[in-house]
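# Fold the following.
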Amino acid sequence: MRVVSPAARNLVLTPACMFVSSVHAVEVPLVAFDTLVRGLPASNIEQHRPVFQAAVTSLRGMMTATGPYERPTRSRALHPFVQRDFPEIRRDKLEGKILSRNEFAQAAARRPSPLAELDKAAAASLDQDLKAAIDHHVAEHDAVPAQREERLRVLRKVADSLSPLRATLDACKCETARLIAADFNAAWVAALIDAMQWPDVRMPLLYIIGFPVVFDIPDSGVFRAAYQPAEIPPEEFMLANTRVVTAIADEIERSAKQGDAEQRERRQQCWQRTEEEIAEGLVQGPFSRARMDKKYGRGRWRCLGRSAIKQKNKWRCIDNGKRAKHNRATTLHERITCGRADFPIMIAREFARRLGGIHKRRRLRMSHGTEDLRAAYRHVPTSQPQFTCVAVWNPHAKKVQYCEVPGHNFGLKSAVVNFNRCPELTTAAARRLLWVVSEHYYDDNDVCEPTSARLSGQNCLVELNSARFAGFPYDPAKRSSMATTNEYLGVESSFARITESVLTMHVTKKRRAKLRELVNEVWHANELRSGLASSIFGKAGFMMSPCYSSLGRACLHPIKTREYQPRMTEITTDIAESLEFIQFVCDHLPALELPLEPPTDTRPVIIFTDAEGKKRNRSGTRPPSGHVGFVVYHPIHGTVHAHAKVPDELVKLFDDCKQRDTYIGQFELIAAITPFISLPREWFVGRPVELWIDNSGAIGALLNGYSGVP
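Numbers count the residues shown, from 1 in each chain. A predicted model of the protein is given here:
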């Protein structure tokens, strides 16, 4: 991908509203436009080619990064505040040879920090358009808002020049597209794709004719390549349509009439939310089964069972693509690549890195804000509405009825790929055209920029998704305007202490309260069913992982096990302890403090830990025993060491979990923890710390934070 110099991005407006770059324009192939021509042969799109070509040339001249698209091979990794990969060093070999203890310690102290190398690699791996946007802010600073407004004036004229083509394409939209994607501007999106040489050239056409939701979902070329074949062939799927519709309707009716109070409430809330979606124009109906048979043909359609879950104190409809076997009949060729909750922290560090001198860094002020696309999945039209309809209990009619969903269901695995294609493109376009420092996670976008940019970046992102441009708008009610502290993906990132070179991440009170509410629900019912176990496990893991890496994963194992025990409800001792742990975490997890920049004194604290253990005797009268020890080489406080016998209480605890002949693996883990609770906190804060452990099992356990056994 090529980064374009500022001089090459100056635009000239001609009287004929044709925009050209001030440098020699290289005509790029109009692949998305040609795809529209071939896909809509009766629409006479060809007449719009000259204006479209001019728009693409103009947009390409404005791009901060151009060139072949590089398909990701993985999701963006979390910023390397801790080491995640298994170290390459084995035993006592370092620098290619076996060393004595003293030689090894000296070699360890002069070894380049793996975290410093990982930090450089993470910075280098950022998308080129994101790096170009950051660089522009650093270079232009206070001038950015005015530059953006000037560019927006040009972009508006480019978009307006495409209005005749847009009208032609709008007239070609299928019924589902007219119902829920009427504002989608296929002309503008096609121009963006061709100007950026973006691989997803069929997306504008699919927003006109609709996306397939089952069977083979063609590869967009945007996300990580990953072939996921269907388990059920289309012919077999179609033969079972009538039977599956009957089974789903019977299950819904039984739960509505014979289910417990919770099931009945879910059915009631499901219907209320469906009525709201009908009023919003996102869902059509309700209809009888006979009417569905008449429209699509008996045995030619299949519904999804609709239920409801409570998220963020709001009921949300879930359509069960697993039970209806839609997902098993779907072939995918890619997996989406997602943003991360640490995006604001990462960006602040990138700005600090570029500012260089400490005095410049201390003047850095940052803010971030979030946007949320409205009714995200529902605004992606389908070409197979006979497979997106839903069965829902109507408490007024006291029977199961059917609603048509012209968009995508929350519950179809194809919806994930189909939906994310649009925000992936528009986020990249905002970076390349207007230097918006942004990342998206599904329908959520975070914009993180210096305060000198004010609200301009967030406003640019909103405008580029408005009806004039992409036509896939954000929800104003869900906007969080740029501020020093804001929430993104359930994590509160704060720049309030940036003048101290400290950034903080905190799990939000809302997320903690929701998880605590689920745990209280278990205590109140005095049982834990598999469905609720799955919800608690997912939310507890997601609560901790964005900020605290793998902390506490092992303590969730009993909850995870219950997820796969549908007939069990008993609260065992292990489950009770897991629930107590979750409650404790909700109440006591502190904010995570992260450095804005590497410390001025980069000399690491080097720690070596070790353990030894004796086996249980043959008669079983003497339990296993052992000792742990550590040596610390501190650049200021010198060398200290300590050792001690593993307390008998800990050995008894291990015995209570599961009696083994030896606990050397557990002792090695205890040794690794001991220095940090034995020495003053200030010895470690703000310094790179390297922990050397001579046991591979202990290293793996600490990196993964998880064990499959007690």
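
# for the stretch 451-600 of the chain, what spans make up the helices?
Using DSSP state H, counting those that start in this stretch, the helices of the stretch 451-600 of the chain run over 456-464, 509-525, 530-548, 557-563, 573-588.

# Count the residues that sit near residue 576.
14 (other Cβ atoms under 10 Å). The way it works is simple: take the backbone N, C-alpha and C, and place the C-beta from them, glycine included.

# the helices in the stretch 101-250 of the chain, which residues?
101-110, 114-124, 128-140, 144-161, 163-170, 175-180, 186-196, 203-209, 234-239, 241-258.

# Extract the CA atoms of the first one and return them as PDB.
In other words, helix 101-110. Only the C-alpha atoms of helix 101-110 are listed here, as PDB (Å, rounded to 0.1, in the frame of the first residue of the first chain):
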ATOM      1  CA  ARG A 101      24.400 -19.500  36.400                       C
ATOM      2  CA  ASN A 102      26.200 -16.200  36.600                       C
ATOM      3  CA  GLU A 103      26.800 -16.000  32.900                       C
ATOM      4  CA  PHE A 104      23.200 -16.800  32.300                       C
ATOM      5  CA  ALA A 105      22.100 -14.000  34.600                       C
ATOM      6  CA  GLN A 106      24.400 -11.500  32.900                       C
ATOM      7  CA  ALA A 107      23.200 -12.600  29.400                       C
ATOM      8  CA  ALA A 108      19.600 -12.200  30.500                       C
ATOM      9  CA  ALA A 109      20.200  -8.700  31.700                       C
ATOM     10  CA  ARG A 110      21.700  -7.500  28.400                       C
END
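
# buried residues in that helix?
Residues 104, 105, 108 are the ones in helix 101-110 that count as buried (16 or more other Cβ atoms under 10 Å).

# Deepest-packed of the helices of the stretch 451-600 of the chain, please.
helix 456-464 (a mean of 23; mean count of other Cβ atoms under 10 Å).

# From residue 250, how far off is residue 292?
16 Å (Cβ to Cβ, to the nearest Å).

# now do residue 407
Distance from residue 407 to residue 250, by Cβ to Cβ: 27 Å.

# Could you check which of the two has the larger neighbour count?
Just comparing residue 407 and residue 250: by other Cβ under 10 Å the higher neighbour count belongs to residue 407, 29 against 12.

# What is the neighbour count of the closest residue to that one other than its chain neighbours?
Of all residues beyond its chain neighbours, the one nearest residue 407 is residue 378 (3.9 Å), with distances taken as Cβ to Cβ, 6 or more residues apart in numbering. Applying other Cβ under 10 Å, we find 23 residues neighbouring residue 378.

# Might you report the residue contacts of residue 378?
Taking Cβ atoms under 8 Å, 6 or more residues apart in numbering, we find residue 378 in contact with 180, 277, 282, 283, 405, 407, 408.

# So for the first one, what's the pLDDT?
pLDDT, the model's per-residue confidence, is 94 for residue 180.

# what's the answer for the second one, then?
The pLDDT attached to residue 277 in the predicted structure is 91.

# which intervals of this structure have sub-threshold pLDDT?
1-26, 76-96, 311-313, 357-362, 546-547, 710 (pLDDT under 70).

# elements contacting the longest helix anywhere in it?
Looking across the chain with DSSP state H, the single longest helix is helix 413-434. In this structure, helix 413-434 packs against helix 49-62, helix 128-140, helix 144-161, helix 186-196, helix 203-209, strand 330-335, strand 438-441, helix 456-464, with contacts taken as 3 or more Cβ pairs under 8 Å, 6 or more residues apart in numbering; DSSP states H and E.

# helices or strands up against the first one?
Spelled out, that is helix 49-62. strand 11-13, strand 19-21, helix 31-39, helix 144-161, helix 163-170, helix 186-196, helix 413-434.

# again with the fifth one
Identification of packing neighbours for helix 203-209 by 3+ Cβ pairs under 8 Å, 6+ apart yields helix 31-39, helix 175-180, helix 186-196, helix 413-434.

# Go again with 6 Å.
helix 31-39, helix 186-196 (3 or more Cβ pairs under 6 Å, 6 or more residues apart in numbering; DSSP states H and E).

# Redo the helices of the stretch 451-600 of the chain as CSV? Include distance to residue 349.
Listed next are the helices of the stretch 451-600 of the chain as CSV, based on distance: least, Cβ to Cβ, whole Å:
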stretch, distance to residue 349
helix 456-464, 18
helix 509-525, 24
helix 530-548, 15
helix 557-563, 33
helix 573-588, 26
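
# Looking at those, which is nearest to residue 330?
helix 530-548 (21.8 Å; Cβ to Cβ).

# As a check, name the ranges of all helices in the stretch 301-450 of the chain.
343-355, 358-362, 413-434.

# nearest to residue 114, of those helices?
helix 343-355 (17.4 Å).

# and that closest one with helix 128-140, angle?
50 degrees (axes from the mean of the first three to the mean of the last three Cα atoms, to 10 degrees).

# how much does helix 343-355 deviate in direction from helix 114-124?
Helix 343-355 and helix 114-124 meet at an angle of 90 degrees, taking the same axes, to 10 degrees as the criterion.

# buried stuff in helix 343-355?
343-355.

# could the residues you listed be laid out in TSV, adding distance to residue 443?
Converted to TSV, those look like this (distance: Cβ to Cβ, whole Å):
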residue	distance to residue 443
343	15
344	18
345	22
346	21
347	20
348	24
349	26
350	25
351	26
352	30
353	30
354	30
355	33
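
# Closest one to residue 198 out of these, please.
residue 343 (21.7 Å).

# show me the contacts for that closest one.
Contacts for residue 343 (Cβ atoms under 6 Å, 6 or more residues apart in numbering) come out as 439, 446.

# Just say helix, strand or coil for the residue of the chain most remote from its centre.
Residue farthest from the centre of the chain, counting by Cα atoms, centre = their mean, is residue 619 at 53.9 Å. Secondary structure assignment for residue 619 (DSSP: H, G, I helix; E, B strand; the rest coil): coil.

# backbone phi and psi for it, please?
Dihedral pair for residue 619: phi -80, psi -10, per degrees, to the nearest 10.

# swap in residue 466?
In terms of degrees, to the nearest 10, the main-chain angles of residue 466 are phi -70, psi 180.

# ok, now residue 496?
phi -60, psi -30.

# returning to that earlier point: go through the buried residues of helix 343-355 and name the one nearest residue 47.
residue 343 (43.3 Å).

# what's the distance between that closest one and residue 196?
21 Å.

# Could you do residue 285 as well?
39 Å.

# Of those two, which one has the most company?
residue 196 (25 against 19).

# what sits up against the longest helix of the chain?
Counting by Cβ under 6 Å, 6+ apart, 62-65, 129-130, 133, 148, 151, 192, 200, 203, 211, 213, 217, 220, 222, 327, 330, 336, 376-377, 380, 408, 436, 438, 440, 460-461, 464-465, 470, 472 sit against helix 413-434.

# Pull the distance from it to the chain's centre.
Distance, stretch centre to chain centre, for helix 413-434: 13 Å (Cα atoms, centre = their mean, to the nearest Å).

# what's the angle between it and helix 128-140?
30 degrees.

# Which stretches in the stretch 601-710 of the chain count as helices?
Using DSSP H, counting those that start in this stretch, helices in the stretch 601-710 of the chain cover 648-657, 664-678, 696-704.
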